[in-house]
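Asks: Provided below are the primary sequence and the corresponding predicted coordinates.
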Amino acid sequence: MRAGLLFLVLACCAENPPAAAQEAPASAAPAAIVATWSGGSLTAAELDPLVADEVARLETEHALAVYDTKMQALESAIIDKLLEAEASKRGLPGVDALIQAEVVAKAAAPTQEDLDGLWAQASAQYPGVTREQIGPFLDQEARRRNEVDRYGVFIEELERAYGLAFLLPYPELPRVDVAVLPTDPSRGPADAPVTIVQFMEYQCYYCNKALPTVEKIVEAYGDKVRVVYKDYPLPGHERAMPAAIAARCAAAQGKHTEMHRVLLGNQDALGDADLLRHAKAIGVDTKVFERCMTNPEHVAAIQADVAAGQAAGVNATPTFLVNGLTVAGAQPFSRFAAVIDNELARR
């Protein structure tokens, strides 16, 4: 149990696997000749512009990979120490006993909604399988997910109780410039010192997992942070585009935040009838909403978001740009806080 819970993989819904980090090759002096042939030669200064963008991308990926590796090791080491300290403080025989008391015993029991959602995913992925055949596995998976959620909450409780602060500096990286449009749904003041642009979609499991972290960022930093949402529906997620349009139509009536939460929380219910039901539940004018859903301008705007994301190097959801600095995946609050705090300190 402990081994499965102590290392949580924070992942993305990927369009293509991220490129592996690579060691940067040694640089040649600009005047150095890097190739010769009968009648000519090529210098490093002439070669460098040809590969500048790709080299910058690889260097960024390498720096992020190094930081993530160090941060994961740091978090794991700190969590072990906090768990050991808390177990000792309570007079428990060890960390396993603490996990049993605070995670296994306190994790929410699977609800019928949990099981129905897992069944919907499983039946779509494995046609022909009956619910009776995989019922025990659905219950096991639902319990595992609830234990993972409870574990995350418990670790946050320990971090607050022990006053944990991560001081590992975020790497200096090239910043990615993505235009924020007046029509982009957002939260927070336009003049906030930190702008977080989130590329996301509504069928992405990890976008839903990132939602509590984004909510925590908004709560913790208030007017210092603005969150801007960009749509990035992935191939193969057929309901991601209609759901994105539904969010935009709710935004047109001042209800984007409410619809955003509902859509992420109901990823197994994104059919046309479901979207209308969600709209009604959050209090939008459903007639206006239905007309809005047929407006082709939304598709064009979403496609423009995807193009902007691709130009910025986005290939998975969720991807965040914090003042242009890339934070990829459903990362914990501490990972965002390291970047945000550094950005605020620069001002």
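Replies: Sure, I can see it. Numbering: from 1, shown residues only.

Asks: low-scoring pLDDT stretches of the chain, where are they?
Replies: For the chain, applying pLDDT under 70 flags the ranges 1-12, 14-27.

Asks: Give me the domain ranges for it.
Replies: 32-172, 186-345 (automatic domain parsing).

Asks: Figure out which of those domains is closest to residue 179.
Replies: Nearest to residue 179, of all the domains of the chain, is domain 186-345, at 6.9 Å by Cβ to Cβ. The way it works is simple: take the backbone N, C-alpha and C, and place the C-beta from them, glycine included.

Asks: what's the offset of the closest one from the middle of its chain?
Replies: Its chain's C-alpha centre and that of domain 186-345 lie 10 Å apart, by Cα atoms, centre = their mean, to the nearest Å.

Asks: Can you give me the first-to-last residue distance of it?
Replies: Domain 186-345 has an end-to-end distance of 23 Å (Cα to Cα, to the nearest Å).

Asks: Quick one: residues contacting residue 176.
Replies: For residue 176, the contacting residues are 312, 313, 321, 324, 325, 326, by Cβ atoms under 8 Å, 6 or more residues apart in numbering.

Asks: ok, so of these, who is nearest residue 34?
Replies: Nearest member of the contacts of residue 176 to residue 34, counting by Cβ to Cβ, is residue 313, at 26.8 Å.

Asks: Which residues are in contact with the closest one?
Replies: 57, 60, 176, 326.

Asks: can we see that at 10 Å?
Replies: Applying Cβ atoms under 10 Å, 6 or more residues apart in numbering to residue 313 gives the contacts 18, 19, 53, 56, 57, 60, 61, 176, 319, 321, 326, 328.

Asks: Counting neighbours, which of these end up buried?
Replies: Neighbour counting by 16 or more other Cβ atoms under 10 Å classes 60, 61, 176, 319, 321, 326, 328 among these as buried.

Asks: The stretch 201-347 of the chain: helices as residue ranges?
Replies: Ranges of helices in the stretch 201-347 of the chain, per DSSP state H, counting those that start in this stretch, are 205-221, 240-251, 256-265, 272-281, 286-293, 296-311, 333-345.

Asks: what does the shortest one contact?
Replies: Taking Cβ under 10 Å, 6+ apart as the criterion, the residues outside helix 286-293 that touch it are 242, 245-246, 248-253, 255, 259, 272, 275-280, 282, 284-285, 298.

Asks: for the fourth one, same thing?
Replies: Applying Cβ under 10 Å, 6+ apart, the set of residues contacting helix 272-281 from outside is 202, 239, 242-243, 245-247, 249-250, 253, 255, 258-259, 261-263, 265-266, 268-271, 284-286, 288-290, 292-293.

Asks: angle of it against helix 256-265?
Replies: Calculated by axes from the mean of the first three to the mean of the last three Cα atoms, to 10 degrees, helix 272-281 forms an angle of 140 degrees with helix 256-265.

Asks: so helix 272-281 versus helix 286-293, what angle?
Replies: Counting by the same axes, to 10 degrees, helix 272-281 lies at 130 degrees to helix 286-293.

Asks: and helix 272-281 with helix 240-251, angle?
Replies: 20 degrees.

Asks: All the strands of the stretch 1-150 of the chain, in order from the start?
Replies: All strands of the stretch 1-150 of the chain, identified by DSSP state E, counting those that start in this stretch, fall at 13-14, 33-37, 40-43.

Asks: who wins for proximity to residue 95 among those strands?
Replies: strand 13-14 (32.1 Å).

Asks: I'd like the contacts of residue 176 laid out as CSV, including distance to residue 66.
Replies: As requested, the contacts of residue 176 are exported to CSV (distance: Cβ to Cβ, whole Å):
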residue, distance to residue 66
312, 21
313, 17
321, 20
324, 19
325, 15
326, 14
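
Asks: roughly how far apart are residue 62 and residue 129?
Replies: 42 Å (Cβ to Cβ, to the nearest Å).

Asks: now swap in residue 108 and tell me
Replies: Distance from residue 108 to residue 129, by Cβ to Cβ: 26 Å.

Asks: same deal with residue 347?
Replies: Distance from residue 347 to residue 129, by Cβ to Cβ: 55 Å.

Asks: Of those two, which one has the most company?
Replies: Legend: neighbour count by other Cβ atoms under 10 Å for residue 347 and residue 129, higher for residue 129 (13 against 7).

Asks: Isn't that one up against residue 121?
Replies: No - taking contacts as Cβ atoms under 10 Å, residue 129 lies outside contact range of residue 121: 11.6 Å.

Asks: Could I get the phi/psi values of residue 109?
Replies: Main-chain dihedrals, residue 109, degrees, to the nearest 10: phi -70, psi 150.

Asks: Neighbours of it, how many?
Replies: Residues near residue 109, counting by other Cβ under 10 Å, number 9.

Asks: next one: residue 100
Replies: 15.

Asks: That one against residue 154, yeah?
Replies: No - in this structure, residue 100 is not within contact of residue 154 by Cβ under 10 Å, at 11.7 Å.

Asks: Mutual contacts of those two, please.
Replies: Between them, residue 100 and residue 154 share the contacting residues residue 106, judged by Cβ under 10 Å, 6+ apart.

Asks: which one of the domains of the chain lies closest to residue 13?
Replies: Of all the domains of the chain, it is domain 186-345 that lies closest to residue 13, at 3.6 Å by Cβ to Cβ.
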